[in-house]
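>>> any chance you can model this:
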Amino acid sequence: MRVRTPALYGWAAAGLVLLVLPFYLDRFWLQAGLFAMAAALGAIGINLLTGATGQLSMGHAFFLAVGAYGYCAFAGDGTDGLAGLGLPGWLAAVLAVALSGLAGGVFSPIAGRLRGAYLGIATLALIFIGQHVLFNAHDLTGGYNGRAVPPLSLFGLTFDDSELLVAQVPFGAVEKLWYLGLVLLLGGVVFARGVLRGRPGRAMNAIRDHRIAAGVMGIPVARYRAAVFVLSSMYAGLAGVLLALVFQRTVPEYFGMALSLEYLAMIVIGGLGSVAGAVAGGVFVSLLPQLLNRYSDALPLVSAPGTGGIAPGEASRYLYGAAVVAVVLFLPGGLARLAARRPGGPGAPGGPGDPAEPENPPPHPTPSHAPSNTEPSGEAR
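Predicted coordinates:
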């Protein structure tokens, strides 16, 4: 694998910038960045399922809720009157992700046998079941008001608002969580790229492109579909845990149908089947409403909720809805394809990996309709 030096320097510079941002940005921007990281993790999971394997899922928000509330139940100590096991934070997070995978495993026999719109309708039922449980299981979820999220403790470091001085800069909960989010996102990206570039990724793409042909080649289609559904659920559970830690309170209303639709918009805008596209789409869709809310006073037609005009949340849905339409019509590969078309980039004319100029061009076969040297042209045989 060739590594281009300019690209390596670019990634190193971007990583350095991300590492020093907590020293300079205020709480709003760091919190927005953490929401984007959580959204990117969840988008990677659904992109493995929908973009790489071709399974439509409308219930991604359900597995985020399992991760968020599972962490609260495992880490809670019961002092707030709600059910809790009082486990260490790191163990509660691991168990919450495993619980999301278990929930996906329970549903995986259905996911392994249904496809297309039928699977989408089946996963849609998870949203209604999850909303009913979250609103009515008061002892576990806190009902409509939700429940507080216990802080995470890892290696003696507690990710709460207790100040930690680093180079004379006070680090609160958001600053600490920033580095945790970077580690989780990096790990999620590396693992997903490894899956897609290896043998499982080739099998997933074969199932997506032609299910029957994949089965004829010996790929266990139902088993792969079920396994990818479990993996996608675990990514969603991890995103739910990170969201809960950033929000510091879980609310059932957040994990509804709108959230599942947002995740579908993320992978379409970013690029189906691309890990980098999933990250880009997650950042775009998650940051847009927060930026509109922050600068609503300076934007035309956008105003605070209840004051007339278009609320920031509604405006953001209009904008990324329009972005989905634009991507489908004019840029089928999403933002990932747009990045690949940059001058000198992979896939760009004259750049590395240019399909128009292969390194070892295959010999041009003689067309079947062309006359051969061994046959007289113009004669019927």
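
>>> other residues contacting the host helix or strand of residue 17?
Following DSSP states H and E, the helix or strand that holds residue 17 is helix 5-20. Helix 5-20 has contacts (CB atoms under 8 Å, 6 or more residues apart in numbering) with 179, 182. For every residue, glycine as well, the C-beta is placed using N, CA and C.

>>> any idea how far it is from the middle of the chain?
22 Å (CA atoms, centre = their mean, to the nearest Å).

>>> same check on stretch 81-98?
Its chain's C-alpha centre and that of stretch 81-98 lie 23 Å apart, by CA atoms, centre = their mean.

>>> equivalent analysis for stretch 213-222, please.
Remark: stretch 213-222 is offset 27 Å from the chain centroid, using CA atoms, centre = their mean.

>>> and it, what's buried?
Using 16 or more other CB atoms under 10 Å as the test for burial, stretch 213-222 gives 214, 219, 221.

>>> with only the CA atoms kept, save that stretch in PDB.
Listed next in PDB are the C-alpha coordinates belonging to stretch 213-222 (Å, rounded to 0.1, in the frame of the first residue of the first chain):
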ATOM      1  CA  ALA A 213     -24.500 -15.000  -6.700                       C
ATOM      2  CA  ALA A 214     -22.900 -14.600  -3.300                       C
ATOM      3  CA  GLY A 215     -24.700 -17.700  -2.100                       C
ATOM      4  CA  VAL A 216     -23.600 -19.700  -5.100                       C
ATOM      5  CA  MET A 217     -20.000 -18.700  -4.400                       C
ATOM      6  CA  GLY A 218     -20.300 -20.200  -0.900                       C
ATOM      7  CA  ILE A 219     -20.800 -17.100   1.200                       C
ATOM      8  CA  PRO A 220     -23.200 -17.800   4.100                       C
ATOM      9  CA  VAL A 221     -25.600 -14.900   3.300                       C
ATOM     10  CA  ALA A 222     -27.900 -15.200   6.300                       C
END
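
>>> mean confidence for that stretch?
For stretch 213-222, the mean per-residue pLDDT is 88.

>>> what bits of the stretch 251-381 of the chain have low per-residue confidence?
Within the stretch 251-381 of the chain, the stretches with pLDDT under 70 are 304-308, 339-381.

>>> all helices for it, in order.
With DSSP state H, counting those that start in this stretch applied, the stretch 251-381 of the chain shows helices at 257-270, 275-294, 312-330, 334-340, listed in chain order.

>>> including distance to residue 141 and mean neighbour count, could those go into a markdown table?
Compiled in a markdown table, the helices of the stretch 251-381 of the chain are given as follows (distance: least, CB to CB, whole Å; neighbours: other CB atoms under 10 Å):
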| stretch | distance to residue 141 | mean neighbour count |
| --- | --- | --- |
| helix 257-270 | 16 | 22 |
| helix 275-294 | 24 | 23 |
| helix 312-330 | 23 | 15 |
| helix 334-340 | 35 | 20 |
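
>>> adding distance to residue 103, write the ones you listed out as CSV.
Shown next, in CSV, are these (distance: least, CB to CB, whole Å):
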stretch, distance to residue 103
helix 257-270, 15
helix 275-294, 21
helix 312-330, 28
helix 334-340, 29
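
>>> before we move on, the earlier item: what residues sit buried inside the next helix or strand along the chain from the helix holding residue 17?
Proceeding N to C from helix 5-20, the next assigned helix or strand is helix 27-46, under DSSP H and E. Across helix 27-46, burial judged by 16+ other CB under 10 Å covers 29-46.

>>> pLDDT of helix 27-46, averaged?
The pLDDT scores in helix 27-46 average 94.

>>> dump that helix to CSV, restricted to CA.
Extracted C-alpha coordinates of helix 27-46, given in CSV (Å, rounded to 0.1, in the frame of the first residue of the first chain):
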residue,chain,number,x,y,z
ARG,A,27,-17.6,24.5,26.1
PHE,A,28,-20.1,25.0,23.2
TRP,A,29,-17.7,24.0,20.5
LEU,A,30,-16.2,21.1,22.4
GLN,A,31,-19.7,19.8,23.1
ALA,A,32,-20.7,20.2,19.5
GLY,A,33,-17.6,18.3,18.5
LEU,A,34,-18.4,15.5,20.9
PHE,A,35,-21.9,15.2,19.5
ALA,A,36,-20.3,15.0,16.0
MET,A,37,-18.0,12.2,17.2
ALA,A,38,-20.9,10.2,18.6
ALA,A,39,-22.9,10.7,15.4
ALA,A,40,-19.9,9.6,13.4
LEU,A,41,-19.6,6.4,15.4
GLY,A,42,-23.3,5.6,14.9
ALA,A,43,-23.1,6.5,11.2
ILE,A,44,-20.2,4.1,10.7
GLY,A,45,-22.3,1.3,12.2
ILE,A,46,-25.3,1.9,10.0
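
>>> that one to helix 5-20, inter-axis angle?
Here the directions of helix 27-46 and helix 5-20 differ by 130 degrees (axes from the mean of the first three to the mean of the last three CA atoms, to 10 degrees).

>>> packing partners of helix 27-46?
Packing contacts for helix 27-46, counted by 3 or more CB pairs under 8 Å, 6 or more residues apart in numbering; DSSP states H and E, involve helix 60-75, helix 173-197, helix 221-247, helix 257-270, helix 275-294.

>>> for the residue nearest to residue 174 when sequence neighbours are not counted, what are its contacts?
Counting by CB to CB, 6 or more residues apart in numbering, residue 30 is the residue found nearest to residue 174 once chain neighbours are left out, at 4.6 Å. Contact partners of residue 30, counting by CB under 8 Å, 6+ apart, are 21, 22, 174, 175, 178.

>>> just the closest of the residues you listed to residue 314, please.
Nearest to residue 314 among these: residue 174, at 26.9 Å, using CB to CB.

>>> roughly how far does the closest one sit from residue 31?
According to CB to CB, to the nearest Å, residue 174 and residue 31 sit 5 Å apart.

>>> so what sits against both of those two?
By CB under 8 Å, 6+ apart, the residues touching both residue 174 and residue 31 are residue 246.
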